[in-house]
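Chemist: Just need the structure, nothing else, for what follows:
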Amino acid sequence: MLLECKHLSKSFDNKKILDDVNLKISEGKIYGLLGKNGVGKSTLLKVINNLLTIDEGEVLFEGKLIGVYSKEHISYLPERTYLDKDMKVYDVINFFDEFYKDFNKEKAYKLLKDLDLDKDKTISKMSKGMQEKLQLVLVMSRNAKLYILDEPLGGVDPATRDYILDTILSNFNEGASMIISTHLISDIERVLDEVIFIDKGKIVLTGEADEIRKNENASIDEVFRRMFKC
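Modeler: A predicted model of the protein is given here:
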């Protein structure tokens, strides 16, 4: 098992954000972490990346408690931009190349070109969508075992989403797994092997995407809308 979450609970100001979450992530699959905004998706991903302490439970990566080892093998795209706005694109590429042993600089420059990003541009002069594309380049240029993308399509226009999704699919390490967290289900449904529905901090449905479609005689997006009356 690549990743296992056992009985995770997390509260903020006495409000339960994660409530006894149990989750298993296998190798070589793409998982959709699906839910409305504010139901615990980002909190769960931060816990998996060891960025938040939990009240109860544990997270294991390849059987080891998350920590230094897991950070070396998990490539994480957070929901919000974290880049130093005064840096130029090539400065950030160089920083990642020095910081991560598994970073592929050549791949990063190829992706920059594919996504029409200028390596000499200062980040503060890039649009929100361009900054999100740059973060995606940095994450996908690592030779990781698990890629975690939190709302990777939120800041780009619908016409660009398919292009970015294809870029993600063709550039993540073969044999690795990926978790994509989103509320834009119809945009990513075609790439998902497994789905995880989360609501009010609880996992309410998990399973193979094709199996759920077959059982419900509906798309994943339609199943989601039925369950949550979106």
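Chemist: who's in contact with the closest residue to residue 24 other than its chain neighbours?
Modeler: Using C-beta to C-beta, 6 or more residues apart in numbering and skipping residues adjacent in sequence, the residue nearest residue 24 is residue 4, 5.3 Å away. To be clear about C-beta, it is placed using only N, CA and C from the backbone, and glycine gets the same treatment. Remark: with contacts taken as C-beta atoms under 8 Å, 6 or more residues apart in numbering, residue 4 is in contact with 23-25, 59-60.
Chemist: now, which of those sits nearest residue 104?
Modeler: Taking C-beta to C-beta as the measure, residue 104 sits nearest to residue 25 out of the contacts of residue 4, at 23.2 Å.
Chemist: on that earlier part again, who wins for neighbours among the contacts of residue 4?
Modeler: Greatest neighbour count in the contacts of residue 4, by other C-beta atoms under 10 Å, goes to residue 59: 22 neighbours.
Chemist: Regarding it, what is its secondary structure?
Modeler: The local conformation at residue 59, judged by DSSP: H, G, I helix; E, B strand; the rest coil, is strand.
Chemist: For it, give me its contacts.
Modeler: Residues in contact with residue 59, defined by C-beta under 8 Å, 6+ apart, are 3-6, 8, 47-48, 50, 65-66, 70.
Chemist: where in the chain is pLDDT low?
Modeler: Within the chain, the ranges that satisfy pLDDT under 70 run 230.
Chemist: what are the ranges of the strands in it?
Modeler: In chain order, the chain shows strands spanning 3-12, 15-25, 30-34, 56-61, 64-65, 74-77, 146-150, 177-182, 194-199, 202-208, with DSSP state E as the criterion.
Chemist: got a markdown table for the ones you listed, with distance to residue 166 too?
Modeler: As requested, the strands of the chain are exported to a markdown table (distance: least, C-beta to C-beta, whole Å):
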| stretch | distance to residue 166 |
| --- | --- |
| strand 3-12 | 25 |
| strand 15-25 | 23 |
| strand 30-34 | 13 |
| strand 56-61 | 28 |
| strand 64-65 | 33 |
| strand 74-77 | 16 |
| strand 146-150 | 14 |
| strand 177-182 | 13 |
| strand 194-199 | 20 |
| strand 202-208 | 22 |
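Chemist: Please identify which of the ones you listed is closest to residue 165.
Modeler: Judged by C-beta to C-beta, the one of those that comes nearest to residue 165 is strand 177-182, at 8.9 Å.
Chemist: distance of residue 73 from residue 97?
Modeler: Shown here: residue 73 relative to residue 97, a distance of 17 Å by C-beta to C-beta, to the nearest Å.
Chemist: Tell me, how many residues neighbour the closest residue to residue 158 other than its chain neighbours?
Modeler: Residue nearest to residue 158 in three dimensions, not counting chain neighbours: residue 187, with 7.6 Å by C-beta to C-beta, 6+ apart. Using other C-beta under 10 Å as the criterion, residue 187 is surrounded by 17 other residues.
Chemist: what do you get for residue 101?
Modeler: 9.
Chemist: among the strands of the chain, which is nearest residue 108?
Modeler: Relative to residue 108, the nearest member of the strands of the chain by C-beta to C-beta is strand 74-77, separated by 12.2 Å.
Chemist: Now that residue 179 has come up, it's in contact with residue 149, right?
Modeler: Yes. Using C-beta atoms under 8 Å, residue 179 makes contact with residue 149 at a distance of 7.1 Å.
Chemist: got the contact list for the residue nearest the centre of the chain?
Modeler: By C-alpha atoms, centre = their mean, the chain has its centre lying nearest to residue 149, at 1.6 Å. For residue 149, the set of contacting residues under the criterion of C-beta under 8 Å, 6+ apart consists of 77, 136, 139, 168, 178-181.
Chemist: This completes my enquiry, with thanks.
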